[in-house]
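1. Let me see the structure of the following:
(chains A and B)
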Amino acid sequence: MFSNLHKTNFENFQATLFNRKGDSIPLIELGIHPDIRKEIAGEPIDTVKKEINFMRSLGYDYLKVQPKINIDMEQGSTSTINDGSDRAWSAEHSGVITSMEEFEKYKWPKKEDIDYSRFEEANKLMPDDMGIVGQYGDIYTLTWEMMGFETFSMLMYEDPELVKVIFKKIGDLILSMFENMADMDFVKVLWYSDDLAYSTGLMISPDFYRELLFPYMKKIGALAKKRDIPFIYHSDGVLYSVLDELIDLGITALHPIEPISMDIKELKNRYGDQLCLCGGIDVDILSRGSTEDVKKLTRDIMQKASPNGGWCGGSSNSIPEYCSAKNYLKMVETILKEGKY
Amino acid sequence: MKLIDEIKDRVIRGHINAKSRFPKDLTGEEGVEELVQKAIDEKISVGKILNEALISSMSVVGDKYEKGEIFVPEMLFSAKAMKGGLVLLKPLLLKENQKSIGTIIIGTIKGDMHDIGKNLVGMMLEGAGFEVIDLGVDTTKEKFMDAAEKNPGSIIGMSALLTVTMKNMKEVIDAIKASDLDTKVIIGGAPVSEAFSNEIGADGYALNANQAVRVAKAVMGI
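-> So this is what the prediction gives:
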């Protein structure tokens, strides 16, 4: 589709994620909804091969691959809510585990149950000029989702031991994924995602993150460093109060820079010498704006974030089904057309 | 410490009752529920307990949250502590015919199931002396209109978590404007902004639960 605008170049993507200036601005997205993919491609993107071709045709230099694991949030309980769309929401009040007894009864998946077959398949099919990004996340998010946010909030103080054991159970599982992904030499970027903040500030006290989450992230950072590959971190919200610490954990790139939470220009001024910035193009405009609005906004963000390199272009979260495919393509086209150094 | 100040301190610190393990250093000590009961037993006026202990402390909690000194979990403890005290005061308030400062109808907008933020807003408003009618989650235009008709002069407070659901807020505002009701509408929620609020013609926008109290008071002219 945009192959005339972009020559696939994984090295350029990798260099940008290390905050270096490449020859053009690479594209990045954490997720593109299947409906949007189908609308653009004219068919469902349901195989690895189709996915590679789809990403390549749009101008992406990578394929994001996840290990498969079944962490069942229900197990006879009702900890998710369906809103009538295909979106299921975690319960905000009470989840599947609210006591030590429920923790022990819960059928936890084992490390051996994690399926990495997609990695091998993707590697076999991957063209030389594209690369694989190994992605997973949510050690913190899965912990609170298991309990429901309100219960989690209360038990953080009323039963901290329970919160710690759930956290460790999930943390160890997810860390093992990153260890395995880092062992595959064809995985050339690690991407950890876990939302820590709202648009007004951190969800919970940073002390909690420091005690329970950051040690895991530090280990993931060390895995990336050992391999000399980039480490992208995704979190919504305002992260200023912990950003220095996140950099110390080894992250090289930050995604998705929601405009309602952090101003990309301010971030670039304050952290542009230490971090590659990824995303920043408002999903709200991508959903409700015109193609002209999208073009204007994309140019604006590009001007603020890309001087001297260190910006991967994309949305400020992901491309949900309520986004306009036309707007999404306009964003991609504008970045590819105008994002040359 | 005077009893009123003690209640205030316990609300700010979120110590609900003697059984609560939050905060750690107050474990086993009397919380808001026991102290409010004590104040009632000592015949301290209900208005004084409400205004000087509960309402004023929740505004301190709100300020701390806005400054990033505390987070949602700590705010939840304070809100639950305040609510524990309020439950004890409610029958007495009714007996004394103490009027609320206004009525606010709250709910998450149609399609939106997320209500932690809305519940916090509700508790803060209650803590500030409003009567709160909570319509819950996934609230249709019809439900908002019905509640507004039954409560003339009230405010509607709507929240949304998603771009896709926040669009539904406009329908409610349009319906209110097309009616004879003098109901004002304030909105909030993660994707909502001042600009969006102006665009759809809301009377006020609040970034967080504390601001919601200020905005609700402002639209009522208090």
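2. hmm, stretch A:165-175 in reach of chain B?
-> No. Using Cβ under 8 Å from any Cβ of the partner chain, stretch A:165-175 stays clear of chain B, coming no nearer than 14.7 Å. Yep, even glycine has a C-beta here, placed from its N, CA and C like the rest.
3. Check which residues of that stretch are buried.
-> Buried positions in stretch A:165-175, judged by neighbour count with 16 or more other Cβ atoms under 10 Å in any protein chain shown: A:Val165, A:Ile166, A:Phe167, A:Lys169, A:Ile170, A:Gly171, A:Leu173, A:Ile174, A:Leu175.
4. Quick one: neighbours of B:Lys48, just the number.
-> Neighbourhood size, B:Lys48 [other Cβ atoms under 10 Å in any protein chain shown]: 11.
5. so the closest residue to it other than its chain neighbours is in which element?
-> Distances taken as Cβ to Cβ, 6 or more residues apart in numbering or on different chains put B:Ile4 closest to B:Lys48, at 6.7 Å, once the chain neighbours are dropped. Secondary structure from DSSP states H and E places B:Ile4 in helix B:3-13.
6. helices and strands around whatever helix or strand comes next after that helix, which ones?
-> Going down the chain from helix B:3-13, the next helix or strand is helix B:32-41, by DSSP H and E. Other helices and strands packing on helix B:32-41, by 3 or more Cβ pairs under 8 Å, 6 or more residues apart in numbering or on different chains; DSSP states H and E, are helix B:3-13, helix B:72-96.
7. So which bits of the lowest-mean-pLDDT helix or strand in chain B are buried?
-> In chain B, the helix or strand scored least confidently by mean pLDDT, DSSP states H and E is helix B:163-166, which has a mean of 80. Neighbour counts using 16+ other Cβ under 10 Å place B:Thr163, B:Val164, B:Thr165, B:Met166 of helix B:163-166 among the buried residues.
8. Mean pLDDT lowest where, among the helices and strands packed on helix B:32-41?
-> Note on the helices and strands packed on helix B:32-41: helix B:72-96 shows the lowest mean pLDDT, a mean of 88.
9. That one packs against which elements?
-> helix A:149-158, helix B:3-13, helix B:32-41, helix B:46-48, helix B:56-66, helix B:116-127.
10. List the contacts of the fourth one.
-> Same thing as helix B:46-48. With Cβ atoms under 8 Å, 6 or more residues apart in numbering or on different chains as the test, helix B:46-48 has contacts from B:Ile4, B:Ile40, B:Leu89, B:Leu92, B:Leu93, B:Glu96, B:Gln98.
11. Let's see the pLDDT reported for the second one.
-> B:Ile40 is assigned a predicted lDDT (pLDDT) of 96.
12. rewinding a little: same list as before, the helices and strands packed on helix B:72-96 that is, but in a markdown table and with distance to A:Arg20 included.
-> Shown next, in a markdown table, are the helices and strands packed on helix B:72-96 (distance: least, Cβ to Cβ, whole Å):
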| stretch | distance to A:Arg20 |
| --- | --- |
| helix A:149-158 | 39 |
| helix B:3-13 | 49 |
| helix B:32-41 | 56 |
| helix B:46-48 | 65 |
| helix B:56-66 | 39 |
| helix B:116-127 | 40 |
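13. which ones are touching the closest residue in space to B:Ile186 that isn't next to it in sequence?
-> Distance criterion Cβ to Cβ, 6+ apart; nearest residue to B:Ile186, sequence neighbours excluded, is B:Gly204 at 3.9 Å. Contacts for B:Gly204 were tallied using Cβ under 8 Å, 6+ apart; they are B:Lys184, B:Val185, B:Ile186, B:Ile187, B:Ser197, B:Val215, B:Ala216, B:Ala218, B:Val219.
14. What does the residue nearest to A:Ser318 when sequence neighbours are not counted show for phi and psi?
-> Spatially, and ignoring its direct neighbours in sequence, A:Ser318 is nearest to A:Gly31 (4.0 Å; Cβ to Cβ, 6+ apart). A:Gly31 has phi and psi values of phi -160, psi 140 when expressed as degrees, to the nearest 10.
15. do the one 4 residues further on as well
-> Backbone geometry at A:Asp35, expressed as degrees, to the nearest 10, gives phi -60, psi -40.
16. Give me the neighbour count for it.
-> 16.
17. count of neighbours near the residue nearest to it when sequence neighbours are not counted?
-> The spatially closest residue to A:Asp35, leaving aside those adjacent along the chain, is A:Glu321, at 4.4 Å (Cβ to Cβ, 6+ apart). By other Cβ under 10 Å, the residues close to A:Glu321 number 17.
18. what is the mean pLDDT for the longest strand seen in chain B?
-> If you go by DSSP state E, chain B has its longest strand at strand B:102-108. Strand B:102-108 carries an average pLDDT of 95.
19. Would you map the strands across the stretch 101-250 of chain A?
-> A:131-137, A:187-193, A:231-234 (DSSP state E, counting those that start in this stretch).
20. follow-up on the earlier one: what is the three-state secondary structure of the residue nearest to A:Asp35?
-> Classification of A:Glu321 by DSSP: H, G, I helix; E, B strand; the rest coil places it in coil.
21. quick one: it from B:Glu199, how far?
-> Between A:Glu321 and B:Glu199 the computed distance is 23 Å (Cβ to Cβ, to the nearest Å).
22. what's around the residue of the stretch 201-341 of chain A found nearest chain B, how many residues?
-> With Cβ to the nearest Cβ, the shortest gap between the stretch 201-341 of chain A and chain B falls at A:Tyr322, namely 4.2 Å. Residues lying near A:Tyr322 (other Cβ under 10 Å) number 19.
23. same deal with the one 4 residues further on?
-> Look at A:Lys326: counted by other Cβ under 10 Å, it has 13 neighbours.
24. For it, which residues are in contact?
-> A:Thr291.
25. in a helix, that's where it is, yeah?
-> Yes. A:Lys326: assigned to a helix according to three-state DSSP.
26. Per-residue confidence, it, what does it come out as?
-> 97.
27. now whichever helix in chain A runs longest: mean pLDDT?
-> Of all segments of type helix in chain A, defined using DSSP state H, the longest is helix A:160-183. When pLDDT is averaged along helix A:160-183, the result is 97.
28. Could you do stretch B:169-181 as well?
-> 94.
29. How about stretch A:264-281?
-> Here the average pLDDT along stretch A:264-281 is 97.
30. Same question for stretch A:225-234.
-> 98.
31. And stretch B:125-133, by the same measure?
-> 89.
32. Pull out the buried positions in that stretch.
-> Quick answer for stretch B:125-133 (16+ other Cβ under 10 Å): B:Leu125, B:Glu126, B:Gly127, B:Ala128, B:Gly129, B:Phe130, B:Val132, B:Ile133.
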